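Q: 3D, please:
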Amino acid sequence: MPEFRFRAQAALDLRQRQEDDAASVLARAEAEFARIAASRSAAEAERQAAQGGRLAGQRAGIGAGALEWHWNWINGLAATVARLGTELDTQRQAVDAADRHWREARRRRLALERLRDRAARRHQATEQRAERHTIDELARLRFVLPDAAHGRDEP
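A: Residues are numbered from 1 along each chain as shown. Next comes the predicted model:
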């Protein structure tokens, strides 16, 4: 009996490459999300430290120019935090889209793998049936035909 060959192996290989590509895109999106989240956390910590410094400066009695500079600096940091928050939301959506794409690619690959596995089981069952048939035929030739040739009817 011929060796098992899955006819859709090229499609399965393509699905595997698509899943690998989708996983790569997902990993890059998650890494970018983590980078933006870290930047946002750092900017928020810097903003809070700046506010603490401004309060300490006010208590110590700083000039109006320095106080205004602190306010502007804190407002700039708050704008950076807000911008990074928007980028984080956008990147979260990109991660979700990449995750959906990866899951779809994985689902498609698994469907083809299940088809391949079922075909392999059918092929194996066919091989086993053919082997049993051959063994039965050999047994029949060995044990039934020699008795008929010698004129014996009993086994």
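Q: For the residue nearest in space to the middle of the chain, which residues are in contact?
A: Nearest to the mean C-alpha position of the chain, by Cα atoms, centre = their mean, lies Ala23 at 4.7 Å. With contacts taken as Cβ atoms under 8 Å, 6 or more residues apart in numbering, Ala23 has the following neighbours: Trp102. (Glycine included, C-beta is placed from N, CA and C.)
Q: pLDDT at it, what is it?
A: Model confidence at Ala23, given as pLDDT, is 97.
Q: measure it to Trp73 for me?
A: The gap separating Ala23 from Trp73 is 42 Å, by Cβ to Cβ, to the nearest Å.
Q: quick one, helices of the chain?
A: For the chain, the helices defined by DSSP state H occupy 9-60, 64-143, 145-149.
Q: Packing partners of the longest one?
A: Just to be clear, that refers to helix 64-143. Counting contacts by 3 or more Cβ pairs under 8 Å, 6 or more residues apart in numbering; DSSP states H and E, the secondary-structure elements packed against helix 64-143 are helix 9-60.
Q: so the helix it packs on versus helix 64-143, what angle?
A: Here helix 9-60 runs at an angle of 160 degrees relative to helix 64-143 (axes from the mean of the first three to the mean of the last three Cα atoms, to 10 degrees).
Q: Start the count at 15 instead of 1 going forward.
A: Noted, 15 is the first residue going forward, which turns the last one into helix 23-74.
Q: of all the helices of the chain, which lies closest to Glu17?
A: Go through the helices of the chain one by one with Cβ to Cβ and the one that ends up closest to Glu17 is helix 78-157, at 9.0 Å.
Q: how far does that closest one sit from the chain's center?
A: In terms of Cα atoms, centre = their mean, to the nearest Å, the gap separating the centre of helix 78-157 from the centre of its chain is 3 Å.
Q: go on, stretch 55-70?
A: The mean C-alpha position of stretch 55-70 is separated from the chain mean by 39 Å, Cα atoms, centre = their mean.
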